[in-house]
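Participant: Generate coordinates for the sequence data below:
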Amino acid sequence: MELPIQITFRGMAPSAALEATVRDRASKLEQFHPHVVSCRVVIETPARHKQQGKEFVARLDIKVAGAEIAVNREHSEDAFVAVRDAFDAARRKLEDHAQIQRGDVKARAPEKTGGE
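Facilitator: Numbers count the residues shown, from 1 in each chain. Here you go, the predicted structure:
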């Protein structure tokens, strides 16, 4: 299935290479969760003033059956590193969510409190 991907660049010029990287990484998300519905990616340079270099922020909003997974704080001085880190964090969250849906994660027993 072709995953609908929306890519937005804010505060920077669109980059074909960066867009291709995002599309490649987003296409691999279905390996980690079988029911990915959509993926929105925002890559921006915040309007903060720094003394050295630009900072890039990559934000992901991934919709899966029954939940929405967001990765909001992936900062780096390289846009490609910010995208990589954001997708790595999203992969971990997708895997955790899939395990919970399958029932692979045991429920914790309630802790006993008091003098018993």
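Participant: ok, the closest residue to residue 19 other than its chain neighbours - contacts?
Facilitator: Of all residues beyond its chain neighbours, the one nearest residue 19 is residue 7 (5.5 Å), with distances taken as CB to CB, 6 or more residues apart in numbering. For every residue, glycine as well, the C-beta is placed using N, CA and C. The contact partners of residue 7, taken as CB atoms under 8 Å, 6 or more residues apart in numbering, are 19, 22, 23, 41, 43.
Participant: can you list contacts of the host helix or strand of the first one?
Facilitator: Residue 19 belongs to helix 16-27 when elements are defined using DSSP states H and E. Helix 16-27 has contacts (CB under 8 Å, 6+ apart) with 3, 5, 7, 9, 39, 41, 43, 79, 80, 83, 84, 87.
Participant: switch to 6 Å and redo it
Facilitator: Outside helix 16-27, the residues that touch it by CB atoms under 6 Å, 6 or more residues apart in numbering are 3, 5, 7, 39, 41, 79, 83, 87.
Participant: ok, which stretches of the chain are strands?
Facilitator: In the chain, the strands defined using DSSP state E lie at 5-10, 36-44, 56-64, 67-76.
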